[in-house]
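Novice: Okay, predicted coordinates and the sequence, questions at the end:
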Amino acid sequence: MWGKILGAGFGFLFGKWLGAILGGYLGHLFDKSLKQDFDKAGGFQGFFNGDDLNERQALFFSSCFAVMGHIAKSNGRVSEMHIQAASAFMDDMALHGDDRKEAQSAFNSGKHGDFSIKECVGDFKEAFARRYDLLQLFLEIQIQMAFSDGHLSSKELELLKLVSKYLGIGAKHFNFVLKRYQAEFKFRQQRAQWQSQQRSHQSSQNGHREYQKSNRSFTAPEPEVSRHQALAVLGLEQGASEKEIKRAYRKLMAQHHPDKLVSQGLPEHMMEVAKAKSQSIQAAYEALKN
C-alpha cells in the first residue's frame, strides 16, 4: 500500500496527474514484489523462525523446569511425589538422552538456595511479553507441579502467586486459572480411573475364547460428569447460558491450540501438555452438550 501512496505522491510532484497514475502503478508493482518476498519469509511468523524461535523455545524449556524445581523445594525438601511428577512430565514429553538431562539440570538449578525466581520469571516475561497464551500456559504448568501430590501447601500457593505477579497476570485472573485447574485435575483423575478400568476389563476378556471369536471390545460406560464439574473445567459458574458456554469453550481451545503455541515459542516436546489440556476442555464441552 505504501508503495502506491509514495509512488503516486512523487509522480504528482514531477508529472501532475499523469505522473501520479504512473507512479501509483510502479508503487503497486513494488508492493506486490515486497509482499511476495514477505510471504516467502513466512509472513509475520518469519520474524520468529530460525535462531530466534529456537532461543525462545530453549528459554521456555529451561525456565519452566527451573521454576518447577523451585516450587517442588518450597516446603524444604523435594518430596518423592514431586520427583515422580517431574519424571512423569518428562515421560509425557518423550524426553530422552541429552534433552532429559537438560530438563533435569534445569529442575535441579531451581532447587538451589541462590536461585532467583524473580529474575528467572522476569527474563521469561520479557521474552514472551506479547505471547499471553504462553504466559498463562507457563503458569498452568507450575500449578500442575504444585498439585502433583493432590495438595497445595501455603508455601506453594505463595510461590504461585509470585510467579503470576512476575508474569504480569493479575490476582483475579490467577484465581480463575487456579480454580479452573483444580476442576481440570479432578476431571482428569476421574477419566484416568475409567480408562484404567477399561484396559483392565479388556485384558481379562482377552483370555476368553468367546471374546476372541466375536472380536468385540468391551466399552465401559464413561463416568458421569456433573454439569457443575464440566462448567468448572471451562471456568464457568452454575447458571451459565449456552452462549457463555460456547464462548468460554472457543476461547480456551484457542488459548491451548498446540500448533499455535509451538509457533509462538512453545517447545515441540511440550505440545503434549497443550494437547492434554485441549482434550479436557473438549471432553467437558461435549459433556455439557449431551
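Specialist: Sure, I can see it. No experiment lies behind these values; they were computed from the predicted model shown.
Novice: Low-confidence stretches in the stretch 1-150 of the chain?
Specialist: 1-51 (pLDDT under 70).
Novice: and Ala254, how many neighbours does it have?
Specialist: 10 (other CB atoms under 10 Å). C-betas here are computed from N, CA, C, even on glycine.
Novice: Work out for me the element it sits within.
Specialist: Assigned by DSSP states H and E, Ala254 belongs to helix 242-255.
Novice: Output the helix or strand just after that helix as PDB, nothing but the C-alphas.
Specialist: Of the helices and strands lying after helix 242-255 in sequence (DSSP H and E), the nearest is helix 258-264. Provided in PDB are the C-alpha atoms of helix 258-264 (Å, rounded to 0.1, in the frame of the first residue of the first chain):
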ATOM      1  CA  PRO A 258      -0.800 -26.800  20.300                       C
ATOM      2  CA  ASP A 259       0.200 -25.700  16.800                       C
ATOM      3  CA  LYS A 260      -0.300 -22.000  17.600                       C
ATOM      4  CA  LEU A 261       1.600 -22.200  20.800                       C
ATOM      5  CA  VAL A 262       4.500 -24.000  19.200                       C
ATOM      6  CA  SER A 263       4.700 -21.300  16.500                       C
ATOM      7  CA  GLN A 264       4.900 -18.700  19.300                       C
END
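Novice: on that earlier part again, output the contacting helices and strands for the helix holding Ala254.
Specialist: helix 132-146, helix 271-289 (3 or more CB pairs under 8 Å, 6 or more residues apart in numbering; DSSP states H and E).
Novice: So which bits of the first one are buried?
Specialist: Taking 16 or more other CB atoms under 10 Å as the basis for neighbour counts, the residues of helix 132-146 that come out buried are 133-146.
Novice: picking that back up, just put the helices and strands packed on helix 242-255 in a markdown table and tack on distance to Arg188.
Specialist: Formatted as a markdown table, the helices and strands packed on helix 242-255 follow (distance: least, CB to CB, whole Å):
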| stretch | distance to Arg188 |
| --- | --- |
| helix 132-146 | 10 |
| helix 271-289 | 6 |
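Novice: Only alpha carbons, please: show the helix holding Ala254 as CSV.
Specialist: The C-alpha coordinates for helix 242-255 follow below in CSV (Å, rounded to 0.1, in the frame of the first residue of the first chain):
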residue,chain,number,x,y,z
GLU,A,242,-25.4,-21.8,26.2
LYS,A,243,-23.9,-18.7,24.6
GLU,A,244,-21.5,-18.2,27.5
ILE,A,245,-20.5,-21.9,27.4
LYS,A,246,-19.7,-21.8,23.7
ARG,A,247,-17.8,-18.6,24.1
ALA,A,248,-15.7,-20.0,27.0
TYR,A,249,-15.0,-23.2,25.1
ARG,A,250,-13.8,-21.4,22.0
LYS,A,251,-11.6,-19.1,24.0
LEU,A,252,-10.0,-21.9,26.0
MET,A,253,-9.4,-24.0,22.9
ALA,A,254,-7.8,-21.1,21.1
GLN,A,255,-5.5,-20.4,24.1
